[in-house]
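Pasting the sequence and the predicted coordinates here, then a few questions.
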Amino acid sequence: MAYISFQPKDYFATKLYSGTGSSNAITGLGFSPTWVWIKSRSAGEGHGLFDQLRGVNVRLQSHSSSAQSTQTDSLASFDSDGFTVGGSSNNDAVNGSGQNFVSWNWKANGAGSSNTDGSITSTVSANTTSGFSIVKYTGTGANATVGTGLGQIPSVVLVKSRSNGEHWCMYHSSLGNASRLLLNLTNAVETSRTEWQSTTPTSSVFSVDGSDQVNGSGSKTYVAYCFAEKTGFSKFGSYRGNGNADGAFVYTGFKPAFVMIKNSSVTESWYILDTKRPGYNTNNYYLKPNVADAEGTSATLAMSLLSNGFKINNSDTSMNTSGKTYIYMAFAEAPLVSSNGVPATAR
């Protein structure tokens with residue numbers, strides 16, 4: 001059984017809200033988020049990713065290779081119990097009147113501090129309890145290492161150029177240190193890549209080459225989101241599809257609150273499911289990080305989010321083609337068993 005000494009809800013939370021078209025304080029998270037990912041569920045508005053290191057109103061988009069941009073009065077503040085989105089008419093993507101929104105929120109450690117563990121001095125906001133850090137650095141154009149502040153080997157590192165139009169580049173431990181996935185595209189895993197110098201991250205740093213994707217020269221700037229696996233809170237792995245409705249069961253050791261899946265073997269979209277939006281375990285409501293589409297619903301994408309993992313209940317190529325590899329990222333709503341001995345229950 002997976003015991004845990006902290007509450008997952010103190011470090012990750014999904015929050016649903018309604019857009020107002022005017023200043024809108026989103027409360028009830030129970031913590032001050034360091035990374036906020038917002039998506040309109042009801043309209044084809046772009047994803048908005050904000051973090052405290054880059055500052056308020058500074059947006060990246062998971063479906064786009066574009067550099068970060070300042071969207072005045074969008075995510076206007078990171079608050080003690082949530083965040084505030086602004087009311088400008090051009091900010092429908094985070095607060096359009098009459099729209100429904102989802103936000104996924106992670107807690108790191110505020111605006112961060114200098115980190116000299118790597119050959120590149122970075123700014124790092126790290127939460128060693130939950131195994132999550134945000135890293136901000138300037139590229140050198142040569143092989144280098146970058147500190148994570150985690151004190152544990154990350155299973156996932158997601159890098160995006162802030163200053164240039166480069167793809168979202170992901171290292172995932174299940175695919176190895178010479179492979180990459182691109183969050184903003186549907187591409188299958190690309191192998192024999194050099195972005196990570198064919199070097200597995202350590203407990204203190206990850207390695208980058210001199211490419212524009214992860215470490216270009218000429219004052220190019222980057223942000224990295226780093227995730228180390230924590231028993232009872234997060235799990236990053238892979239499974240093999242079997243091609244029938246009685247698909248794989250993936251043991252996580254917790255009741256998942258959030259699951260993101262990608263068929264890494266073929267061209268296919270990414271999918272995000274969570275326990276706050278309706279439909280899970282029967283007719284799943286999903287969002288795709290690689291497109292700006294509104295929320296989709298489909299009984300053919302059935303997945304059960306259980307007390308100790310998730311179960312694939314479909315044979316669709318997005319989640320369960322026979323012989324194909326699927327990578328995932330999962331975060332907990334509740335551990336299978338917490339430190340007080342109380343077990344999690346399924347829906």
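Good, I have the coordinates.

from here on, contacts and neighbour counts on C-alpha atoms
Fine.

What strand or helix carries the nearest residue to V266 once chain neighbours are set aside?
Once flanking residues are discounted, V266 sits nearest to A188: 4.6 Å by C-alpha to C-alpha, 6 or more residues apart in numbering. Using DSSP states H and E, A188 maps to neither a helix nor a strand.

How about K311?
Assigned by DSSP H and E, K311 belongs to strand 309-312.

strands paired with the helix or strand just after that strand, and their directions?
The element immediately downstream of strand 309-312 (helix or strand, assigned by DSSP H and E) is strand 325-335. Note on strand 325-335: by DSSP bridges, its sheet partners are strand 234-240 (antiparallel), strand 254-263 (antiparallel).

Quick check: which ranges of the stretch 1-150 of the chain have low pLDDT?
Applying pLDDT under 70 to the stretch 1-150 of the chain flags the ranges 1-3, 89-90.

mind listing the strands in it by residue range?
Using DSSP state E, counting those that start in this stretch, the strands found in the stretch 1-150 of the chain span residues 12-18, 24-27, 35-40, 48-51, 58-59, 69-70, 75-79, 82-85, 100-106, 113-115, 122-127, 132-138, 144-147.

Any chance of the ones you listed in JSON lines with distance to W196 and mean neighbour count as columns?
What follows is the strands of the stretch 1-150 of the chain, written out as JSON lines (distance: least, C-alpha to C-alpha, whole Å; neighbours: other C-alpha atoms under 10 Å):
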{"stretch": "strand 12-18", "distance to W196": "27", "mean neighbour count": "20"}
{"stretch": "strand 24-27", "distance to W196": "37", "mean neighbour count": "18"}
{"stretch": "strand 35-40", "distance to W196": "24", "mean neighbour count": "25"}
{"stretch": "strand 48-51", "distance to W196": "24", "mean neighbour count": "24"}
{"stretch": "strand 58-59", "distance to W196": "25", "mean neighbour count": "22"}
{"stretch": "strand 69-70", "distance to W196": "26", "mean neighbour count": "13"}
{"stretch": "strand 75-79", "distance to W196": "32", "mean neighbour count": "21"}
{"stretch": "strand 82-85", "distance to W196": "34", "mean neighbour count": "22"}
{"stretch": "strand 100-106", "distance to W196": "25", "mean neighbour count": "22"}
{"stretch": "strand 113-115", "distance to W196": "19", "mean neighbour count": "17"}
{"stretch": "strand 122-127", "distance to W196": "17", "mean neighbour count": "25"}
{"stretch": "strand 132-138", "distance to W196": "16", "mean neighbour count": "26"}
{"stretch": "strand 144-147", "distance to W196": "9", "mean neighbour count": "24"}
